[in-house]
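> generate coordinates for the sequence data below:
(chains A and B)
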Amino acid sequence: MSGALSRRRLLTGGAGIAAAVGLSGCAGGSDPRGRTVLGFLGSEAAATFQPVIDGFERANPGIAVAYTTVPADQLNDVLQLRLSAADSAIDVYTVDQPRVPALSARGFLTDLDPVAGRARDAVLPEQFEISSWEGRLRSLPIWTSTQYLFCNVDMLRKAGAEVPAADPAERWTWEQTLGAGRRAQERAGASAALLLEQTDLYYGIQPLVASLEAGSGITGPDMLTPDIRNDGWVRAMTWYHDLFANGLSPRGIESTQLVTLFTDGKAPFFVGGPWNLGAFAGLDAFQWRAVPQPYFADGVPATPTDSWSWGVNPAAAHPDAARRFVEYASLTTKGNLSTVRKTPLIPSNTAAFTSYVERLDTEATASTENAGTIMRHELEHTAVGRPRSIGYTQFETVMGAAFSDIRNGSEPEARLRRASAELERTWDRLR
Amino acid sequence: MARTHAPPAPAPTAAAPRALPLRRRPAVIALGFLAPALLMLVVLRLWPAAQALYGSLLHTSLLEGTTTWVGLDNYAVLFTDPDFWQSVGVTLVFNLVINPGQVLIALGLAVLFAKRFAGARLWRSLVLIPVAVPPAVSAVIWGVLYRPEGPLNALLAVFGLPAQPYLTSPAQALGAMIVMMSWVGVGYWMMFLLAGLQDIPADLYEAAKIDGASAWRRFVHVTLPQLRRPLAFVLVADTISNFLVFAPVQLLTSGGPEGATKLMMFDIFHRAYSVGDLHLALAEVMILVLVTLVIVSVQFRLLHSRED
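Residues are numbered from 1 along each chain as shown, chains lettered A, B, ... in the order given. Sure, this is the predicted structure:
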């Protein structure tokens, strides 16, 4: 009897522990110090967010933040999977800004309109707009972005090529850039003429199309009609195709690994985001310089922009604490600046932005001279936002596959035709 | 004479069995033991399958924000979608090549390693090592090998052969995936066949030898019939696992180039989570399950008839 009882107790106890472990895994819960633990999901390295987490935890002693990182190319899939399952373990997550409409339409973003007034006063105007959808604030902006052309000055000089100027008024064309790049391949041992950091990603490709004034690729009253077969798109994609087909840029290397070719001194040019300013700071093997992103000779200068906002999961276990965390990171100067302490992205908070650019100017080296000026110029004059559509998620996915195929040798016009048909079928399902 | 009626003999009073208490009936006891497994079967298999079937009959309009019953419309949409048919074609070609290939190579290796020869254990271990490597790590290793400027092309260059595009070519990508998957799979399936081979009684081979059977005849008339059961298991399990291949596609090619490696399992994931059309993905899940069931039942039937 006592044996049976003890077995029963054992089983009951075991089941209880299993249930407790299961439940604690499902929701945020609290840590051993009794603090509320916020679940935070994003694709940045943990070190990037450590300063803002530390700052928030100091300001809110009863709350701890547990950050989980997911590879950037899987973030969309993971969010779709977990948010559609109303996973309460995610309280706050990073939101790629052009996805705000789609995430809002799916009910994956908590309405933050109660703080819209404060947000409008605190953040850059375009960042407020991009974080909203259908007139309501759906997320709070953290960063904006631009791109530079990074040059290996030593390699270009060795090749006897001119070095691009940092003045936006003297911006190079893509034709000039490839000319100097080829020269570096022929005379300075470069294995590639030009590297694009965001290969196959719409963010990186859009400026090529925008430079030829060919539109974003999405049109129509409901922004669910593809427009990727016009002359400008075909021309931009043919240029992209030839870049790899002619050996000016390498195939078969993931975009995240391309930066090492530049830092290893194997390419004279690298087009990348401002985060590279920090990553290249310790680079002393050669002299480098950040200059404005090129454009097509018969086109207009165009640079990518937008970046990340943070959103609160409607199924969050701790919605109030989650809102406080997001507000701290976006609406306070201190909090927003701490998000760029480890990685020099561009803050969305107006006061933080001003402070950041001033610091960029005062701490400039020979390599980053004018980086702040270029940044301000691009954001004011050449920045082209990604299209706002509830079909953007599908657009980016379908176009990513098309860019990849074109890079690997597919005929651009035929591949764009196929992508257009796929988009029509896919978007038809959203109606 | 008055007929006297003997009083009817009392019916033999065989002691009527006393009804067993419910908890002592064998069927109830058996059901009690089976209950956890049955519960798990319902909760983890049948209920999700029913939900998937139901979900495949719905459609969500993101523009309207409504979910409606559409019957078989999702299936009709799939059947008119060229990307779906490409995915079906790729999956069938992949399985037609990889399943016989893996089973034959695994069988050959099992027969080889069943023999005693110098270094047999070392070679066996080398074949088994890929089994211990997680699929994601295998994918990364082969991703590096297949790079245009990677080690495989360097090896080709040593022999004066031209560099190959491997995963970046629509013509070569599926073949490259099959080689990678076989590198992992062959050693695993070989283990089952090796165990089966070691269970075959040695006297069968001795008798065949005495009858003058050649090595080939011994293989055909002794080894294969005796190996039928493990071979059936390997063939069926290998087929199912290859119909469900996902991770290497996700990690190495994302279904490209030109959809050349878009296996159905990846296509389902792509529709459900990259594109966000869960109901269409569920319809494709039902089709994949149906296709797999048909193929596996045909395999079972063929093997069963051979057994007869």
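
> how many neighbours does residue A:223 have?
Residues near residue A:223, counting by other Cβ atoms under 10 Å in any protein chain shown, number 17. Where C-beta positions appear, they are placed from N, C-alpha and C, glycine not excepted.

> please, which helix or strand holds the nearest residue to residue A:313 once chain neighbours are set aside?
Spatial nearest neighbour of residue A:313, excluding adjacent residues (Cβ to Cβ, 6 or more residues apart in numbering or on different chains): residue A:90 at 4.8 Å. Assigned by DSSP states H and E, residue A:90 belongs to no helix or strand.

> residue A:39 is in contact with residue A:90, correct?
Yes. Proximity of residue A:90 to residue A:39 meets the contact threshold set by Cβ atoms under 8 Å, at 5.1 Å.

> sec struct for residue A:367, please.
coil (DSSP: H, G, I helix; E, B strand; the rest coil).

> what's the spacing between it and residue A:293?
16 Å (Cβ to Cβ, to the nearest Å).

> same check on residue B:175?
39 Å.

> looking at those two, which is more packed in?
residue A:293 (25 against 15).

> which residues are in contact with the more buried one?
A:146, A:147, A:148, A:149, A:171, A:207, A:271, A:301, A:303, A:378, A:382 (Cβ atoms under 8 Å, 6 or more residues apart in numbering or on different chains).

> what parts of chain A come near chain B?
A:76-77, A:80-81, A:84, A:102, A:105-106, A:222, A:224, A:250-253, A:390, A:393-394, A:397, A:400-401, A:404-405, A:408-410, A:415, A:422, A:425-426, A:429-431 (Cβ under 8 Å from any Cβ of the partner chain).

> 6 Å instead?
Contact residues (Cβ under 6 Å from any Cβ of the partner chain) of chain A with chain B: A:77, A:80-81, A:105, A:251-252, A:390, A:393-394, A:397, A:401, A:404-405, A:408, A:426, A:429-431.

> quick one: which of these sit in helices?
Members of the residues of chain A next to chain B lying in helices (criterion: DSSP state H): A:77, A:80, A:81, A:105, A:393, A:394, A:397, A:401, A:404, A:405, A:426.

> what about the fifth one, neighbour count?
Think residue A:393. Around residue A:393 there are 26 residues (other Cβ under 10 Å).

> OK, contacts around the residue nearest to residue A:313?
A:39, A:41, A:82, A:313 (Cβ atoms under 6 Å, 6 or more residues apart in numbering or on different chains).

> in CSV, list these along with secondary structure.
Output for those, formatted as CSV (three-state DSSP):
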residue, secondary structure
A:39, strand
A:41, strand
A:82, helix
A:313, coil
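
> lowest-confidence entry in the residues you listed?
Across the set of the contacts of residue A:90, residue A:82 stands lowest in pLDDT, at 92.

> any idea how far the residue nearest to residue A:313 is from residue A:35?
18 Å.

> and for residue B:260?
Counting by Cβ to Cβ, the gap from residue B:260 to residue A:35 is 51 Å.

> nearest to chain B among the contacts of residue A:90?
Checking these against chain B by Cβ to the nearest Cβ gives residue A:82 as the nearest, at 9.9 Å.

> and stretch A:121-139, what's its mean pLDDT?
Stretch A:121-139 comes out at a mean pLDDT of 94.

> cool, stretch A:248-255 as well?
Here the average pLDDT along stretch A:248-255 is 84.

> so for residue B:260 and residue A:35, which sits in the more crowded spot?
residue B:260 (22 against 16).

> can you tell me the SS state at that one?
Per three-state DSSP, residue B:260 ends up coil.

> the strand or helix carrying residue B:184 packs against which elements?
Element membership for residue B:184, per DSSP H and E: helix B:173-198. Secondary-structure packing of helix B:173-198 (3 or more Cβ pairs under 6 Å, 6 or more residues apart in numbering or on different chains; DSSP states H and E): helix B:82-114, helix B:120-132, helix B:228-243.

> which residues touch the very next helix or strand once past the shortest one?
Which is helix B:120-132. Counting by DSSP H and E, the next helix or strand C-terminal to helix B:120-132 is helix B:135-145. Residues from elsewhere that reach helix B:135-145 (Cβ under 6 Å, 6+ apart): B:150, B:151, B:152, B:180, B:184, B:247, B:248, B:251, B:252.

> looking at the sheet around residue A:66, what are its partners?
On the basis of DSSP bridges, residue A:66 is bridged to residue A:39.

> hang on, it packs against residue A:41?
No. With contacts counted by Cβ atoms under 6 Å, residue A:66 stays clear of residue A:41, the gap being 9.7 Å.

> these two: who's more crowded?
Using other Cβ under 10 Å as the criterion, residue A:66 and residue A:41 rank with residue A:41 on top: 22 against 15.

> tell me how many other residues surround the residue nearest to residue A:351 when sequence neighbours are not counted.
Closest residue in space to residue A:351, ignoring its immediate chain neighbours: residue A:333 at 4.2 Å, by Cβ to Cβ, 6+ apart. Neighbourhood size, residue A:333 [other Cβ under 10 Å]: 16.

> equivalent analysis for residue B:178, please.
20.

> can you check what pLDDT the model gives it?
So residue B:178 comes in at 95 (pLDDT).

> over to residue A:424?
Residue A:424 is given a pLDDT of 95.

> can you name the residue of the stretch 151-300 of chain A nearest chain B?
residue A:252 (4.1 Å).

> which residue sits closest to that residue, ignoring its sequence neighbours?
Using Cβ to Cβ, 6+ apart, the closest residue to residue A:252 is residue B:148 (4.1 Å).

> could you name the helices and strands sitting against the helix or strand harbouring residue A:258?
In the assignment (DSSP H and E), residue A:258 maps to helix A:255-263. Under the contact criterion of 3+ Cβ pairs under 6 Å, 6+ apart, helix A:255-263 touches strand A:195-196.

> get me the contact residues on the stretch 101-250 of chain B for chain A.
B:147, B:148, B:168.

> need the three-state assignment for the second one.
Residue B:148 carries the three-state label coil when classified by three-state DSSP.

> and it, how many residues sit next to it?
Using other Cβ under 10 Å, residue B:148 has 18 neighbouring residues.

> what do you get for the first one?
By other Cβ under 10 Å, 21 other residues sit near residue B:147.

> tell me how far the closest residue to it other than its chain neighbours lies from residue B:167.
Leaving out its chain neighbours, the residue that sits closest to residue B:147 by Cβ to Cβ, 6+ apart is residue A:252, at 4.6 Å. Between residue A:252 and residue B:167 the computed distance is 7 Å (Cβ to Cβ).

> same check on residue B:217?
43 Å.

> more crowded one of those two?
Set side by side, residue B:217 and residue B:167 show more neighbours around residue B:167, with 26 against 12, by other Cβ under 10 Å.

> and the more buried one, what does it touch?
Residue B:167 touches B:146, B:173, B:176, B:252, B:253, counting by Cβ under 6 Å, 6+ apart.

> quick check, residue A:93 in a strand?
Yes. Assessed with three-state DSSP, residue A:93 lies in a strand.
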